[in-house]
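[1] Structural data only, the sequence is not supplied:
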């Protein structure tokens, strides 16, 4: 009765406790061999992880070389003919969930210049064009649904602007692309042309309120707006003819 009171309220429960205790005793008796078994398992998993990390590093180096080459080719068409994207894959200090590599994207704007980290050595326009070039190359596999580009055409015009517009249209075949631009060569490639205007209303005290309006332009108004962007003369027959030509060329390019 003393055992019953100490270990359980009934004989059956005491016998059940005894059975569990015997199993636990056997586990404790074999702990040293179990530790060795677990050490072997850990060593095996460690080797496997490092083998997988080495394989991942090899794939990354090959992908980095291919991506850098293709993006650099795109930059040539985006008015950055001498620029090179350099992707460095170097061993990390420690193995992490993402492998054993440190990865850096660097831009070399001109031959002979020192490559600099993208986030530190590139202007806003250069960053936008590098981003556009990367996304054009990765368009079919990148999961990002919407891109917004501002200043992507900064400092360019003419043929380079047309190439930027063409590549934005290529990217828009896979994702939604929103572009802020002042260039008619770029705007002509848009599926939807949205005009943003700023209006200031004055009050009697000399103050005022500034408001921005957004308007989706129909086709006939697009011609007028492109003519305004081209020459500042939306009613000029020659400017309108040039605008119509831009739209026709963009449509032919997009249909290819």
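    Nice, thanks for sending it over. Predicted model, so just to flag it, every value in this text is computed and none were measured.

[2] mean confidence score for the longest strand seen in the chain?
    The residue-count maximum for a strand in the chain (DSSP state E) belongs to strand 84-96. Averaging pLDDT along strand 84-96 gives 94.

[3] what helices or strands is it leaning on?
    Of the remaining helices and strands, those touching strand 84-96 by 3 or more CB pairs under 8 Å, 6 or more residues apart in numbering; DSSP states H and E are helix 31-77, strand 99-108, helix 124-138. Using the backbone N, CA and C atoms, a C-beta is placed for each residue, glycine as well.

[4] for the stretch 151-256 of the chain, what spans make up the helices?
    For the stretch 151-256 of the chain, the helices defined by DSSP state H, counting those that start in this stretch occupy 158-171, 184-187, 219-231, 237-255.

[5] related to what we said a few turns ago, deepest of the helices and strands packed on strand 84-96, which one?
    helix 124-138 (a mean of 20; mean count of other CB atoms under 10 Å).

[6] Which residues does the helix or strand just after that helix contact?
    Downstream of helix 124-138, the first helix or strand assigned by DSSP states H and E is strand 146-150. With CB atoms under 8 Å, 6 or more residues apart in numbering as the test, strand 146-150 has contacts from 124, 128, 131-132, 135, 168, 171, 175-180.

[7] Let me know the angle separating strand 146-150 from helix 124-138.
    In terms of direction (axes from the mean of the first three to the mean of the last three CA atoms, to 10 degrees), strand 146-150 departs from helix 124-138 by 150 degrees.

[8] Now do strand 146-150: distance to the chain's middle.
    Taking the mean of its C-alpha atoms, strand 146-150 sits 11 Å from the chain's own mean (CA atoms, centre = their mean, to the nearest Å).

[9] ditto for stretch 68-86
    In this view, stretch 68-86 has its centroid 17 Å away from the chain centroid, taken as CA atoms, centre = their mean.

[10] Any idea how far apart the tips of it sit?
    End-to-end distance for stretch 68-86: 6 Å, by CA to CA, to the nearest Å.

[11] Check what contacts it and list those residues.
    Residues outside stretch 68-86 that contact it (CB under 8 Å, 6+ apart): 67, 87, 105-111, 115, 126, 129-130, 132-134, 136-137, 155-156, 160, 163-164, 167.

[12] ok, now stretch 45-61?
    By CB under 8 Å, 6+ apart, stretch 45-61 touches 89, 91, 95, 99, 100, 101, 103.

[13] Surely the fifth one is in contact with residue 91?
    Think residue 100. Yes. At 6.2 Å, residue 100 counts as touching residue 91 under the criterion of CB atoms under 8 Å.

[14] quick revisit: including distance to residue 14, could the contacts of strand 146-150 go into CSV?
    Below are the contacts of strand 146-150 laid out as CSV (distance: CB to CB, whole Å):
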residue, distance to residue 14
124, 79
128, 78
131, 73
132, 77
135, 72
168, 80
171, 75
175, 70
176, 72
177, 75
178, 75
179, 80
180, 81
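
[15] among these, which one has the lowest pLDDT?
    Out of those, that is residue 124, at 76.

[16] check contacts around it.
    Counting by CB under 8 Å, 6+ apart, residue 124 touches 150, 151, 154.

[17] what ranges of this structure fall below the confidence cut-off?
    1-8, 30-32, 203-207, 254-256 (pLDDT under 70).

[18] And what about residue 114, helix, strand or coil?
    Taking DSSP: H, G, I helix; E, B strand; the rest coil as the rule, one finds residue 114 in the coil state.

[19] Roughly how far does it sit from residue 97?
    Going from residue 114 to residue 97 by CB to CB, to the nearest Å gives 32 Å.

[20] So between those two, which is more surrounded?
    Neighbour count, other CB atoms under 10 Å: between residue 114 and residue 97, residue 114 has more, with 9 against 4.

[21] returning to what we had before: can you tell me which of the contacts of residue 124 comes closest to residue 15?
    Closest to residue 15 out of the contacts of residue 124 is residue 150 (78.1 Å), distances taken as CB to CB.
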